[in-house]
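Colleague: Just to be clear, the model below is a prediction. Sequence and coordinates:
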Amino acid sequence: MVTLTIDTGSGSELTHEIAKNTVSIGASSGNDVVLRAPGVAPVHLVIRRTGDTLTFLGQQRQIVLLNGERRSRGVLMIGDRIRVGTATVTVAEGSRQDADGGVAETGAEAVEGMVSGADPQTAGEAKPRSEVVLYNEPERLAEGRRRLLDVFLAGVREDLLVSLEGFFDGVFPGRRSLLAWLDQKGRLQPIASRWSGALPHLPPRSFAELDRGSRIAVVRGGASEILIYPVPVGGEGRVYLLLETNDSDFEEDRVLLAELAGMLAVQWENVSKGSALFGQWESEARQKLDARLPGSSQAVDVLREQLLSAARSSSPVLLYGRSGSGRAYLASLIASLCPTGAPWIRVVQVDGGDETTLRVELFGSGNTMGVRGLAERAGGGVVVVREVQRMSPEMQLQTASVIEEDSVSGYGSKVRWIFTCDGEWVGSVAEGGPDASLFDKLQNHLIRVPPIEERREDLPLIVVRMLEWVGAEQGKQIQGIALETLDSLLGHPFDGQIAELLGELRRLVSATPEGEMVRGSLQRSTSVAGSPPEDSDRTVDTAVVLSQDNLKVVIPAVERLLIDRVLRRSLGNQSKAARELNLSRGALIAKIKEYGIQDYRALRRNRQ
């Protein structure tokens, strides 16, 4: 006969005398020994007796501490101590054989059976009865849960990250702890940290495996271990909790990190408002904004701050402004700044009219065998809806309902919504323009895109930066821009906003030889004040002309563009240009006069 003495940490002991060959221990009521304590699995381990030998086997990869050593199986001797969760099972000698060859109980449960008044002779025929067993939770777990509630109750009113660092100090004193996100290079970047020394580096495949299902990781090295818990923060986004642990505290640490991870997942919107959030990410994001949104005007400074705030959050965004002001570009910029890595992006254009196709694309076909909507397919991605003002009121209402349903799913939104519209739609709220429910969802991030008139002082820097982009786009090395060409750009009204400026720069760069300086004049869309009206073929913007179906308008515009480009490339050499254009030199000279094309022979003189 072998006796198991169980100490649950509450000050009382429960004794089981084993008279069976196989005894299971776990939290489920179907076990031979029911052990309800934190960290105990439904079936944690099985003890088998073969003759005078006792062995144990952990079930479902469960681990126990056998005399302080982590084991999943082994041989038991009299006096061995097995730590299961927060309870301790001691193997002791026993002498009392149970009459039915089962498991005899002494201690608290035996006393409870006597008090119940059950007749020993009819005990086997008695119906199963319900029982209430009260346990004292281990002191450290109880204190940790209390502090956890304090963190999040205070965090909804103030900076939650400060409270979270205090939680690390109070619950895990003297040990390294960290909340971090994973950058695009697979490196952990701190959010709230009590970590000293180098951060652990795991290969990307390890994080990919960790994000599948309900998994945690333990990094073993030397005398310490590092416990890693993933935290879902909307769709497929993840941040990670890291804690330095040891054998004696492992089970309680795992319980506390699991509860902290759940609270962070539910309260992530409050966490994202922390002033110290994503320390290194924020500095990198600001550098990226400065590079991709150049300028020093007040309008651009305000715009950058709004974009940074939107990138931190998962709430829907509305970008409004004039057509051509760069709203779609800014939407992609917000998505690229996502702290947990650049997500999948899908752009949806609203054209007005029949919305059947648009409804199926956004919301699915409405049956289990049909097409799934973007909210289901996105998986943590971003959906950009362009020209939302063209949606019907019914479509706007349905969009608001999908956003609401997605936002209350409990673990953050599956999809990030970014909308663009013109300024008039936002200004028509009082007249019933936007649907009230949809507009209410967009209140957190209403971002006005300033027109180019408010950014005139930024134009020189914008032109220089755009020339770099266009040169790379066309595979050309550009040696700056001529002063007279820059002056003409700065004086141009650009009614088409940034889109028109980009189109002009692409045209100028395409006509610039490799390694040369950009030169040329603009194709103005309106006559200069005080000058006589010019021929309409010369004054309309090329992009507008090409969108027309009138050959009498399109062909002269294309001819002028080609001749201008070839003459610039040949540095005004009319004979060489005529051969490339498959024209006689006389015909080329006639067209130069007809279209009023600039004489580029000065380019050769400037090179000499």
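Modeller: Yep, that arrived.

Colleague: Report the helix or strand with the lowest average pLDDT across this structure.
Modeller: The helix or strand of the chain with the lowest confidence, counting by mean pLDDT, DSSP states H and E, is helix 536-539 at a mean of 34.

Colleague: Walk me through the domains of this structure.
Modeller: With automatic domain parsing as the criterion, the domains of the chain are listed as 2-115, 139-271, 279-450, 454-524+537-607.

Colleague: Adding mean neighbour count, write those out as CSV.
Modeller: Quick note: C-beta positions are derived from backbone N, CA and C, even for glycine. Formatted as CSV, the domains of the chain follow (neighbours: other C-beta atoms under 10 Å):
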stretch, mean neighbour count
domain 2-115, 16
domain 139-271, 17
domain 279-450, 17
domain 454-524+537-607, 16
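
Colleague: how about D440, what does it touch?
Modeller: Listed by C-beta atoms under 8 Å, 6 or more residues apart in numbering, the contact partners of D440 are A400.

Colleague: What strand or helix carries it?
Modeller: Of the helices and strands defined by DSSP states H and E, D440 is found in helix 436-441.

Colleague: Would you mind putting the CA coordinates of that helix into PDB?
Modeller: As requested, the backbone C-alpha atoms of helix 436-441 are provided in PDB (Å, rounded to 0.1, in the frame of the first residue of the first chain):
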ATOM      1  CA  ALA A 436     -25.100  59.900 -39.300                       C
ATOM      2  CA  SER A 437     -24.200  56.400 -38.000                       C
ATOM      3  CA  LEU A 438     -21.200  56.100 -40.500                       C
ATOM      4  CA  PHE A 439     -20.000  59.600 -39.800                       C
ATOM      5  CA  ASP A 440     -20.100  58.900 -36.100                       C
ATOM      6  CA  LYS A 441     -17.800  56.000 -36.600                       C
END
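
Colleague: quick check, distance from it to the centre of its chain.
Modeller: 24 Å (C-alpha atoms, centre = their mean, to the nearest Å).

Colleague: go on, stretch 489-497?
Modeller: Averaging C-alpha positions (C-alpha atoms, centre = their mean) puts stretch 489-497 37 Å from its chain's average.

Colleague: which helices and strands does the helix ranked longest in the chain pack with?
Modeller: Of all the segments assigned as helix in the chain under DSSP state H, the longest by residue count is helix 551-569. Secondary-structure packing of helix 551-569 (3 or more C-beta pairs under 8 Å, 6 or more residues apart in numbering; DSSP states H and E): helix 536-539, helix 542-546, helix 574-581, helix 585-595.

Colleague: how about a cut-off of 10 Å?
Modeller: Judged by 3 or more C-beta pairs under 10 Å, 6 or more residues apart in numbering; DSSP states H and E, helix 551-569 is in contact with helix 497-510, helix 536-539, helix 542-546, helix 574-581, helix 585-595, helix 601-607.

Colleague: Lowest average confidence across those helices, which one?
Modeller: The stretch with the lowest mean pLDDT among these is helix 536-539, at a mean of 34.

Colleague: Surely H492 and L505 touch.
Modeller: No: because the distance of 11.4 Å does not satisfy C-beta atoms under 10 Å, H492 is recorded as not touching L505.

Colleague: Low-confidence bits of the stretch 251-400 of the chain, can you list those?
Modeller: Low-confidence regions of the stretch 251-400 of the chain, defined here as pLDDT under 70, cover residues 269-280, 340-342, 365-380.

Colleague: on that earlier part again, could you pull up the mean pLDDT of the longest helix of the chain?
Modeller: If you average the per-residue pLDDT over helix 551-569, you get 81.

Colleague: low-confidence ranges in the stretch 101-250 of the chain?
Modeller: For the stretch 101-250 of the chain, the stretches flagged by pLDDT under 70 are 101-135, 153-159, 184, 222-223, 234-237.

Colleague: V518 and D599, how far apart?
Modeller: To D599, V518 is 17 Å away according to C-beta to C-beta, to the nearest Å.

Colleague: Same question for E143.
Modeller: Spatial separation of E143 from D599 under the definition C-beta to C-beta is 86 Å.

Colleague: who touches G427 in this structure?
Modeller: Contacts were defined as C-beta atoms under 10 Å, 6 or more residues apart in numbering; by that measure G427 touches Y320, G433.

Colleague: I'd like to know how far it sits from G433.
Modeller: Counting by C-beta to C-beta, the gap from G427 to G433 is 8 Å.

Colleague: Check H492 too.
Modeller: 32 Å.

Colleague: same question, W425
Modeller: Counting by C-beta to C-beta, the gap between W425 and G433 amounts to 5 Å.

Colleague: quick one, phi psi at the nearest residue in space to L490 that is not next to it in sequence?
Modeller: Setting aside the residues directly before and after it, L490 is nearest to L459 in space (C-beta to C-beta, 6 or more residues apart in numbering), at 5.4 Å. The phi and psi values for L459, taken as degrees, to the nearest 10, are phi -60, psi -40.

Colleague: likewise the one 4 residues further on?
Modeller: The phi/psi pair for V463 (degrees, to the nearest 10) reads phi -60, psi -50.

Colleague: same question, G144
Modeller: In terms of degrees, to the nearest 10, the main-chain angles of G144 are phi -60, psi -40.

Colleague: correct me, but it touches M263?
Modeller: No: using C-beta under 10 Å, G144 is not in contact with M263, being 11.8 Å away.

Colleague: So the residue lying closest to R145 once chain neighbours are set aside: helix, strand or coil?
Modeller: Nearest residue to R145 in three dimensions, chain neighbours excluded: E259, at 6.8 Å (C-beta to C-beta, 6+ apart). Three-state call for E259 (DSSP: H, G, I helix; E, B strand; the rest coil): helix.

Colleague: And R70, by the same measure?
Modeller: R70 is classified as strand under three-state DSSP.

Colleague: Could you give the bridge partners of it?
Modeller: L65 (DSSP bridges).

Colleague: Look up how far R220 lies from it.
Modeller: As it turns out, when the distance is counted by C-beta to C-beta, R70 lies 10 Å from R220.

Colleague: show me where the stretch 151-300 of the chain has helices.
Modeller: In the stretch 151-300 of the chain, the segments counted as helices under DSSP state H, counting those that start in this stretch are 160-171, 204-210, 250-266, 268-271, 279-292, 298-312.

Colleague: now the first one against helix 279-292, angle please.
Modeller: Here helix 160-171 points in a direction 160 degrees away from that of helix 279-292 (axes from the mean of the first three to the mean of the last three C-alpha atoms, to 10 degrees).

Colleague: In PDB, list the C-alpha atoms belonging to helix 160-171.
Modeller: These are the backbone C-alpha positions of helix 160-171, laid out as PDB (Å, rounded to 0.1, in the frame of the first residue of the first chain):
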ATOM      1  CA  LEU A 160      -2.000  52.600 -19.200                       C
ATOM      2  CA  LEU A 161       1.700  51.900 -20.100                       C
ATOM      3  CA  VAL A 162       2.900  53.600 -16.900                       C
ATOM      4  CA  SER A 163       0.600  51.400 -14.800                       C
ATOM      5  CA  LEU A 164       1.700  48.300 -16.800                       C
ATOM      6  CA  GLU A 165       5.400  48.900 -15.900                       C
ATOM      7  CA  GLY A 166       4.300  49.300 -12.300                       C
ATOM      8  CA  PHE A 167       2.600  45.900 -12.500                       C
ATOM      9  CA  PHE A 168       5.800  44.300 -13.800                       C
ATOM     10  CA  ASP A 169       7.700  45.800 -10.800                       C
ATOM     11  CA  GLY A 170       5.200  44.700  -8.200                       C
ATOM     12  CA  VAL A 171       4.300  41.200  -9.400                       C
END
